[in-house]
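Q: Need a 3D model of the following:
(6 chains)
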Number of protein chains: 6
Amino acid sequence: MTHAIKARIQDLERYNPSQTAENDLQEFWSSTLAEYAEKPLNGNRELVQTPMSGMDVYLTTYEGADDTPLHAWYLTPKAERGTKFPCVVHYHGYTGSKGMPEHFAHYILMGFAVLSVDVRGQGGDTGNRQEQSYGAIRGWVTPGILQRETAYYRAITIDAIRATEWAAAQPETDAERIFVIGGSQGGGLAMIVPALSGIPKAAVAHIPNMCHMDFGILNSNSSLSEAAEFVSRHPEHFDTVLRTLSYFDNLNLAPRIRIPIMVSCGLKDPCCMPETVYAAYNRIASEKEMRVYPFDGHWVSDGQNRLAMEFLARHAGLV
Amino acid sequence: MTHAIKARIQDLERYNPSQTAENDLQEFWSSTLAEYAEKPLNGNRELVQTPMSGMDVYLTTYEGADDTPLHAWYLTPKAERGTKFPCVVHYHGYTGSKGMPEHFAHYILMGFAVLSVDVRGQGGDTGNRQEQSYGAIRGWVTPGILQRETAYYRAITIDAIRATEWAAAQPETDAERIFVIGGSQGGGLAMIVPALSGIPKAAVAHIPNMCHMDFGILNSNSSLSEAAEFVSRHPEHFDTVLRTLSYFDNLNLAPRIRIPIMVSCGLKDPCCMPETVYAAYNRIASEKEMRVYPFDGHWVSDGQNRLAMEFLARHAGLV
Amino acid sequence: MTHAIKARIQDLERYNPSQTAENDLQEFWSSTLAEYAEKPLNGNRELVQTPMSGMDVYLTTYEGADDTPLHAWYLTPKAERGTKFPCVVHYHGYTGSKGMPEHFAHYILMGFAVLSVDVRGQGGDTGNRQEQSYGAIRGWVTPGILQRETAYYRAITIDAIRATEWAAAQPETDAERIFVIGGSQGGGLAMIVPALSGIPKAAVAHIPNMCHMDFGILNSNSSLSEAAEFVSRHPEHFDTVLRTLSYFDNLNLAPRIRIPIMVSCGLKDPCCMPETVYAAYNRIASEKEMRVYPFDGHWVSDGQNRLAMEFLARHAGLV
Amino acid sequence: MTHAIKARIQDLERYNPSQTAENDLQEFWSSTLAEYAEKPLNGNRELVQTPMSGMDVYLTTYEGADDTPLHAWYLTPKAERGTKFPCVVHYHGYTGSKGMPEHFAHYILMGFAVLSVDVRGQGGDTGNRQEQSYGAIRGWVTPGILQRETAYYRAITIDAIRATEWAAAQPETDAERIFVIGGSQGGGLAMIVPALSGIPKAAVAHIPNMCHMDFGILNSNSSLSEAAEFVSRHPEHFDTVLRTLSYFDNLNLAPRIRIPIMVSCGLKDPCCMPETVYAAYNRIASEKEMRVYPFDGHWVSDGQNRLAMEFLARHAGLV
Amino acid sequence: MTHAIKARIQDLERYNPSQTAENDLQEFWSSTLAEYAEKPLNGNRELVQTPMSGMDVYLTTYEGADDTPLHAWYLTPKAERGTKFPCVVHYHGYTGSKGMPEHFAHYILMGFAVLSVDVRGQGGDTGNRQEQSYGAIRGWVTPGILQRETAYYRAITIDAIRATEWAAAQPETDAERIFVIGGSQGGGLAMIVPALSGIPKAAVAHIPNMCHMDFGILNSNSSLSEAAEFVSRHPEHFDTVLRTLSYFDNLNLAPRIRIPIMVSCGLKDPCCMPETVYAAYNRIASEKEMRVYPFDGHWVSDGQNRLAMEFLARHAGLV
Amino acid sequence: MTHAIKARIQDLERYNPSQTAENDLQEFWSSTLAEYAEKPLNGNRELVQTPMSGMDVYLTTYEGADDTPLHAWYLTPKAERGTKFPCVVHYHGYTGSKGMPEHFAHYILMGFAVLSVDVRGQGGDTGNRQEQSYGAIRGWVTPGILQRETAYYRAITIDAIRATEWAAAQPETDAERIFVIGGSQGGGLAMIVPALSGIPKAAVAHIPNMCHMDFGILNSNSSLSEAAEFVSRHPEHFDTVLRTLSYFDNLNLAPRIRIPIMVSCGLKDPCCMPETVYAAYNRIASEKEMRVYPFDGHWVSDGQNRLAMEFLARHAGLV
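A: Just a heads-up that it's a prediction; the model follows:
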């Protein structure tokens, strides 16, 4: 039986829009990553009491793209000193936060350590020392957008990469078994980080943003609508804004991914639209699996979460 | 003059998506109908007083797919004993009811008898003895959807077929002049009944649902969104749900229709979308007419109602 | 400093509408509870594999108000045979389900066992053998509403009470340390259960429904709007519906609560409106605490969840 | 049992806001009515074919406040020449029309004749020869609103009064048994007509507008929002607009009603709000009954329609 | 770099739907314009005081398609008697008005005179003496729509053409430097006027309506939705309505434009959709420029306003 | 005639909620203002070409609460060197910008100079060097809100005060005739500035925010909803946030105003609600006038703008 939904998915599987990369994309990232290679993380951590006696909870900070202290939970199963755990690094969705330790209790019960990081400036308790040197639209997307060097996406991408380094630096972490995961903005980060860093060994990108952003800025209701509104007010910056975005677009960076990755999308998602997710996914050359939900909007279902747990357990050798 | 609206309609007239029928579709219905051939209707009726002295009103019950007493108005013009009337069988839209006798007064003034039936469980006073053996989404579409035998659509289709038998069983009905009519859910039933029963002699299916349901479940805001939400929560049942729907999809059953039929649709209807209506309509091989309303949404206009009255009067030999 | 928000809360603390109880309320519940005293639970359980090696997961069923098999997760920390855990019984919100074992991982890490039950017929995989003998509005509130004996609220209240008995019957449960918790519909149940059962030793009712339902049916957008729509279609049943609701209204039953209880509400909650929550809360005579969130709508915040965890840990002697 | 809904209704029953009448209200209407006493109706009628053989259908026109030909259906049961029928005069809601003859078939089956009139300019096929001499807001409420003599409400009130005269002029009408009915705008007219004319012998005003318009213009989403928008654009006309409205406000005219009247309202009606309906209703001194629907918005339910049918049958001596 | 937005614009630049003109389009306009050639403007003007001492303000009236006195501001820089100014004629958007003199202060500071006209009947203080001879939909689009001679679009087009004549008739106007400008409805007029009149020397049509109306009536939420609703109620008038619209559709008239014109559109405009604007624009043969805003909806941005100011200054020889 | 609208306004005129000021409010402002007394403005300005030859346009920057260069238009009528103009200082609404010089052309034609300033960080081209040291809600209200010294409201209030100093420092300004004006956020600033500075000689506060913020944060949909959402996420900061707001609430500061002020409000404004505007207004002791619009929402009408022009012209001695 063939039907309208299969046909829709097949179209997406064949969707192959042009990349939007500038010529110096690879060079930009080489030099950017080189710049941070020697920068210290300046991290610290502090044990915190919670009602969950089966979990050790550390409130930590580290530095990413600048000297802003980035807050993150580092969580481990209660264990003998010296035990090493595989570690899941978690990135949250736009306007969210690192959450509460209890949100990650299931990973602890699986035998993972967890590093859940704040994305700078958003809903957690992490600030943002990047200066705003121009007017902006409500939100974090447009401050600094006129230059790739000052773009918010650059800062959070580097913050996210360095989160994996901070995870690796914890004595309880088995640095060979670090994984990245997230949804929406967090999914975008969970896709761009393995494109730029060798630390993660597998990734889960639920309904990722930062994919095919030229399409998304025109058609979606995602946080890119802040960039759209910015251009609407300052039409002279149209090309500049699109150019800046191209450096952080997984459409251009996905071919660099070298690890197994699970990606999900919902056919009814008006935010991280299926066209954008597939456009990037179709360019991944490594081991990959797509989980498509015909009737899901912009959310991650319980079933998809479970699949991610199983995927990570498998790659961590926990099952 | 050609124009955008004509072009849109011409596209619809040529729209021809694949059928979704399983191989045993015909067999399923043969055996299902055979199963009910001998089942008694167990009907009864009771005269009811209303302020309309020109109409005889009976509150009746009969049995359809199971032993649930299905409530229906049977209405006739006030007449001499022994008079036989052509009879309109009316199916209501989703969440509606058999209505009030006064809603059908115009058919009485035309010289029709009317049987207006409750669809089980919905907004009338008819219950539903089909047991709910699994979790469900608010509404009637998903209980039982995991098997074609327990599907709500199966029950209401059989209920609707047997309504025509109950109409025929009334002493005031001329059994050779029975017609079916309805809008939305009622339109879907008014299309599926003549595909499966020889009793009706003409049909009017306003903005029918139960057409091209693989498309509707993905794109419309109809009651199929309950099935979509069910799959969203239980993704493992995706194939099963689509399979169940296929047995009750007029896309697959429309070729069996052998009587004159009038169908309507609105180009702005987000519920029973024009693609779905045309997909089924284009497969009808008997005498047919489509009434398409370029600017109508999900409603049946006064003008379309009048066309239906004239269509039925013509086929009943009343004009 | 006094201000508008303090003033609003003080008004709520003094809000004292009339109870709506019929004279035979206490008798109704005495005889109802007596009727179920001897009915067996007919439960069974089955060990299920999950990726969480630190948790034992059982899929269980038991019987509540009738012979419908009610599904529930029973979860414990991985432990030596014979260990006894305090147990949290969880009731979900309207249209929800018992969820996934991972949703309760934090309670496992605290040292609790958890019984998370489906509410019959709703979004889990539990059906509903209560027959629908009359027409209804989409949803579960109105089938059976014309009699207190067949009311859905009666069934789910008894189901919820018997869930605590089923929890107590598990060998890993310390029957002296059973607690009930839930939000919205689940909060309503977590309030009515201790009013009618001696099993729970403390309760957490987040943004509870089933409170001051005469007010809620008129003013809120909660599931009571199904009852309102039912009356709108069948105005003759207005008194009957209000009467039925009164037997399950915590406004009338709250004085029977004898255990410590934490209740929460949001001043911007249009569903379980603050007037309704306070009206019931103000009638509780036992140890109680209200957590009011001036700017929260119909949700349970992370902070409130943590407070509940601490409250339950305290009453379970886990801290 | 007392409860929140009863309390709300009791408050409405005691609601007694000030009248807003100018000193010359009675004089205005005396002279206005006198002005029209001698004006001929200049009516004509034409028999029209429909599929309803039991009904005689005439498309008629008559003149009201000016020489605009006002269209109206005049409908009677098929009958012997010389038969006289009691007659229902029907006024439609805002933006509506006289409808189709089939909409009134139930009144024909009761033994009534029906005159269903277009309100000038709105959705029927009747134009409007009142000249627009000033800018306006989309709709019919504001043209002419700066003077009571040119106000649209004046024109449609006179049109509505003269409709009863036109009904009386039909040879098939029993002029002693003329009744008026309508909902919303039609309800407003069905209330103001008996305040100003002795022709109707009973009235049904469903969810009437034109009541307590000073309240409605501030708080409702009715057609008065056109007047509100007009004042918003032309604030200098605030007093003038309120003054004009006062001449057509049933709050001021209701005490003049001398016939039995049935009024309805819905507590959730944001358009013809219950405060406005009760304010006028409470000032009626003749035989009256209020039908209040606690959970109904701006619609007339089937049950309320049936009550109206029974009310009119009773007053027409048909039962 | 190519990308999704460029691709979208390129598609629009190639968009070339069929014209919808009747055979007698040119003849209709020849005879219509001839009919008005000798009709006097019957204008008058009156000096008005404002707080702006640098501007002379006249409240004027003139006659357009009939004897309705059309109100318009005529504004000039405070200047010596005998000075001649280039003059901008301004048409407002649907439901708007000629505005306030201060809205045009920037044109005065540039050295322009301004004539800002009311569109008849809408939100200014200009009435409308065109009689409404048939029922209508709220708004101005449908009265008279059944004949091209009585169509509202005809009246406002002639009013708009004659506005340029009235501007030319002012002693302070340099009749060789008259320009037309407007947005939405005003943009449609600023496009149709130069197609039909030789007076304007350049035009600015922001987000114009009255373009490709067969597409707009089906797909947009513009004032054409009034025409759509009219057809929805009176389906028998479908062809007539589309035919009437075709006489006033810039899709058919744009080839007649002989002057420089700037047009704008927003890709996210659901009202004057980009397909409709480009369809007409692509048919213009004279000097033209399109300003397309990828992320703009139905508004005229500050930047686009400035571009219009510069465009007009250039064509007026002011820079 | 008394009526519902008059009654509503009279209630507002008597509305007198408690002030929320801390004991050290006056001291806080004394020391804050003292701190800035000697800080240089570090301004500069640059002549800019526009198409408006009658206006001199300078793009300027100055420093306010910190070293962020604040952008502002300084505009004067084209005039002889040495001419001194009264000057209007304009503050924009939330998310807005200093706009375009053409927006202020009417003030130029009146004989005013204009200083229109960007509010830091918002939609203009002015950045914001205040560091964000904690997580935030989208927008500008919450960064820094945990301390009155770092509060955004403090920064923009000082920026706004110093804007008047920068206006006074321009050689074309008559420093004895400086006025402040704005709407919404701009209205709040136009009210707080004269409470704290002796420079302005009259003020116009259209629909001002920053009034009775304890009420607004609970009930309005203004930018205070950002603060509400912040507290919703961080309930532990409830008291702190309300305390911070109290230092910038015109409810507490209005009694310090010593100049004539015009205030406006709309009874249907859900953003700057009439209760909040009147609460502050009722505490003003100087010459004042309220312009209340019964049917206006959150906008400033043309008529109100004209009243403001006349008010300022009067106080500037221009008429």
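Q: Check which helices and strands the helix or strand harbouring residue A:57 sits against.
A: Taking DSSP states H and E as the definition, one finds residue A:57 inside strand A:55-63. Contact here means 3 or more C-beta pairs under 8 Å, 6 or more residues apart in numbering or on different chains; DSSP states H and E; on that basis strand A:55-63 packs against strand A:44-48, strand A:69-77, helix A:152-168. For glycine as for every other residue, the C-beta is placed from the backbone atoms N, C-alpha and C.
Q: export those to a markdown table and tack on mean neighbour count and mean pLDDT?
A: Below are these laid out as a markdown table (neighbours: other C-beta atoms under 10 Å in any protein chain shown; pLDDT from 0 to 100):
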| stretch | mean neighbour count | mean pLDDT |
| --- | --- | --- |
| strand A:44-48 | 12 | 97 |
| strand A:69-77 | 24 | 98 |
| helix A:152-168 | 24 | 98 |
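Q: With only the CA atoms kept, save stretch A:133-150 in PDB.
A: This file holds the C-alpha atoms of stretch A:133-150, laid out as PDB (Å, rounded to 0.1, in the frame of the first residue of the first chain):
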ATOM      1  CA  SER A 133      26.900  46.800  20.200                       C
ATOM      2  CA  TYR A 134      23.800  47.400  18.000                       C
ATOM      3  CA  GLY A 135      20.000  47.400  18.300                       C
ATOM      4  CA  ALA A 136      18.300  44.000  18.400                       C
ATOM      5  CA  ILE A 137      15.100  42.100  18.300                       C
ATOM      6  CA  ARG A 138      13.800  40.600  21.500                       C
ATOM      7  CA  GLY A 139      15.800  37.400  22.000                       C
ATOM      8  CA  TRP A 140      19.300  36.200  21.600                       C
ATOM      9  CA  VAL A 141      19.600  35.500  17.900                       C
ATOM     10  CA  THR A 142      20.200  39.000  16.500                       C
ATOM     11  CA  PRO A 143      22.700  40.700  18.900                       C
ATOM     12  CA  GLY A 144      26.100  40.400  17.100                       C
ATOM     13  CA  ILE A 145      24.500  39.000  13.900                       C
ATOM     14  CA  LEU A 146      26.200  41.500  11.600                       C
ATOM     15  CA  GLN A 147      29.600  39.700  11.900                       C
ATOM     16  CA  ARG A 148      30.300  36.000  12.100                       C
ATOM     17  CA  GLU A 149      32.800  36.600  14.800                       C
ATOM     18  CA  THR A 150      30.300  38.200  17.100                       C
END
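Q: do that stretch and chain F meet at all?
A: Yes. Residues of stretch A:133-150 contacting chain F under C-beta under 8 Å from any C-beta of the partner chain: A:133, A:134, A:135, A:136, A:137, A:138, A:139, A:140, A:143.
Q: For that stretch, what does the pLDDT average out to?
A: On average, the pLDDT along stretch A:133-150 is 97.
Q: So which bits of it are buried?
A: Across stretch A:133-150, burial judged by 16 or more other C-beta atoms under 10 Å in any protein chain shown covers A:133-146, A:148, A:150.
Q: Most widely separated two among the residues you listed?
A: Set against one another by C-beta to C-beta, these have their most distant pair in A:138 and A:148, with a gap of 22.3 Å.
Q: quick one: strands adjacent to the longest strand that chain A contains?
A: When chain A is parsed with DSSP state E, its longest strand is strand A:173-183. Using DSSP bridges, strand A:173-183 pairs in its sheet with strand A:85-91 (parallel), strand A:202-206 (parallel).
Q: which strands and helices sit next to the next helix or strand after the last one?
A: If I follow you right, that is strand A:202-206. Downstream of strand A:202-206, the next assigned helix or strand under DSSP H and E is helix A:213-219. Contacts defined by 3+ C-beta pairs under 8 Å, 6+ apart place helix A:213-219 against helix A:224-233, helix A:238-246, helix A:274-281, helix E:4-13.
Q: just the ones you listed: most buried one?
A: For the helices and strands packed on helix A:213-219, the largest average neighbour count (mean count of other C-beta atoms under 10 Å in any protein chain shown) is found in helix A:274-281, namely a mean of 27.
Q: Do that one and chain E come into contact?
A: No. Helix A:274-281 lies out of reach of chain E by C-beta under 8 Å from any C-beta, never closer than 9.0 Å.
Q: Contacts for that helix, please.
A: Contacts with helix A:274-281, where a contact means C-beta atoms under 8 Å, 6 or more residues apart in numbering or on different chains, come from A:12-13, A:15-17, A:191, A:207-209, A:211-213, A:215-216, A:219-220, A:249-251, A:254, A:263-267, A:288, A:290, A:292.
Q: now that helix, how far from the centre of its chain.
A: 15 Å (C-alpha atoms, centre = their mean, to the nearest Å).
Q: buried set for the following helix or strand past it?
A: The C-terminal neighbour of helix A:274-281 among helices and strands, as given by DSSP H and E, is strand A:288-293. Buried residues in strand A:288-293, defined by neighbour count with 16+ other C-beta under 10 Å: A:288, A:290, A:291, A:292, A:293.
Q: Who are the contact partners of the spatially most central residue of chain A?
A: Nearest to the mean C-alpha position of chain A, by C-alpha atoms, centre = their mean, lies residue A:189 at 1.8 Å. Contact analysis of residue A:189 by C-beta under 8 Å, 6+ apart lists A:91, A:119, A:156, A:157, A:160, A:180, A:182, A:210.
Q: what's the neighbour count on the last one?
A: Spelled out, it's residue A:210. 30 (other C-beta atoms under 10 Å in any protein chain shown).
Q: Touching, it and residue A:247? I think so.
A: No. Using C-beta atoms under 8 Å as the test, residue A:210 is too far from residue A:247 to be in contact (10.7 Å).
Q: Spit out the residues that contact the two alike.
A: Counting by C-beta under 8 Å, 6+ apart, the shared contacts of residue A:210 and residue A:247 are residue A:153.
Q: what bridges to residue A:113?
A: residue A:87.
Q: what about residue A:180, distance to residue A:164?
A: Residue A:180 sits 7 Å away from residue A:164, going by C-beta to C-beta, to the nearest Å.
Q: what residues are shared contacts of the two?
A: A:89, A:193, A:200.
Q: any idea which of the residues you listed is closest to residue C:114?
A: Taking those together and measuring to residue C:114 by C-beta to C-beta, the closest member is residue A:89, at 27.8 Å.
Q: thinking the closest one is in contact with residue A:162, fair?
A: No. Using C-beta under 8 Å, residue A:89 is not in contact with residue A:162, being 10.4 Å away.
Q: quick one: common contacting residues for those two?
A: Counting by C-beta under 8 Å, 6+ apart, residue A:89 and residue A:162 have no shared contacts at all.
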